[in-house]
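Engineer: Give me coordinates for this.
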Amino acid sequence: MLLGPQNLPERVRAVRAALAQAAARAGRNAHSVTLLAVTKGQPPDLVRAAADCGLTDFGESYLQEALPKLDALRDRPLTWHFVGQLQANKTRPIAERFAWVHALDRTKIAARLSAARSPHVVPLNVCLQVNLAGETAKGGVHPAGLGALVREVAALPRLKLRGLMCIPPQESEVAQQRAWFHQLHRLYTELNAGGAGLDTLSMGMSGDFEAAIEEGATIVRIGTALFGPRE
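Structural biologist: A predicted model of the protein is given here:
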């Protein structure tokens, strides 16, 4: 069941409080973590209500659903992130309308995004999705192929390679959650030691974002904890 705008202020406060507590446990400033509200399946009026609560970053997974929301919210200074799997035939509108892409995992798609991004706007921020557990149902580059993909994407002129992203297996134990996020942080650290210049770890969702923050997440992608389960 979808929740109405009247439920949002309390939910936003609760998520922000949990985010701040996790950051404090890790000795971090809460402002070092961006709360990305994932609004797939939610109507434009609920996105507007979330913006009224002070949220500025919004994530969408399906282009056909996202574009009417971007149009409806044109009057608000929001930052839109595409967090779903990328299809080659939809790269142009994504490159034209979004500020961030979080699930890039192929050079071919990266090249199409770069070619479609206007030279008159800032480069498109991208994160590379890493498939840590080798799950066939999920996208992402295998860790062994990550270095090559980093080099290829970093060379594209209209993209700005910002960091790494993951969707690890669902775990109920915090220690297991942290173990997956620790793996991504280790890859991030190794790449930066080689000069990659990354600054973003997009990891953690409603069920595990606190563990992700404790392992260095700079963006957490939150849907259910803010808006309730989707129909």
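Engineer: can you pull the buried residues of stretch 130-145?
Structural biologist: The neighbour-count check on stretch 130-145 (16 or more other C-beta atoms under 10 Å) flags Val130, Asn131, Leu132, Lys138, Gly139, Gly140, Val141, Pro143 as buried. All C-beta spots, glycine's among them, are computed from the backbone N, C-alpha and C.
Engineer: I'd like the residues you listed as JSON lines, with distance to Gly197, pLDDT and secondary structure appended.
Structural biologist: As requested, these are exported to JSON lines (distance: C-beta to C-beta, whole Å; pLDDT from 0 to 100; DSSP: H, G, I helix; E, B strand; the rest coil):
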{"residue": "Val130", "distance to Gly197": "17", "pLDDT": "98", "secondary structure": "strand"}
{"residue": "Asn131", "distance to Gly197": "23", "pLDDT": "97", "secondary structure": "coil"}
{"residue": "Leu132", "distance to Gly197": "22", "pLDDT": "96", "secondary structure": "coil"}
{"residue": "Lys138", "distance to Gly197": "27", "pLDDT": "93", "secondary structure": "coil"}
{"residue": "Gly139", "distance to Gly197": "24", "pLDDT": "94", "secondary structure": "coil"}
{"residue": "Gly140", "distance to Gly197": "21", "pLDDT": "97", "secondary structure": "coil"}
{"residue": "Val141", "distance to Gly197": "18", "pLDDT": "97", "secondary structure": "strand"}
{"residue": "Pro143", "distance to Gly197": "19", "pLDDT": "97", "secondary structure": "helix"}
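Engineer: How about Cys127, nearest residue that isn't a chain neighbour?
Structural biologist: By the measure of C-beta to C-beta, 6 or more residues apart in numbering, the closest residue to Cys127 outside its immediate chain neighbours is Met165, 4.1 Å from it.
Engineer: give me phi/psi at Gly163?
Structural biologist: Here the main-chain torsion angles of Gly163 (degrees, to the nearest 10) amount to phi 180, psi -150.
Engineer: picking up where we left off before, what about the residue nearest to Cys127, neighbour count?
Structural biologist: For Met165, the number of neighbouring residues by other C-beta atoms under 10 Å comes to 24.
Engineer: same check, this time on the one 4 residues further on
Structural biologist: Pro169: 11 surrounding residues under other C-beta under 10 Å.
Engineer: contacting residues around it?
Structural biologist: Counting by C-beta atoms under 8 Å, 6 or more residues apart in numbering, Pro169 makes contact with Ala133, Glu135, Trp180.
Engineer: Mind doing that once more with 10 Å?
Structural biologist: With contact taken as C-beta atoms under 10 Å, 6 or more residues apart in numbering, Pro169 is in contact with Leu132, Ala133, Glu135, Lys138, Gln176, Gln177, Trp180.
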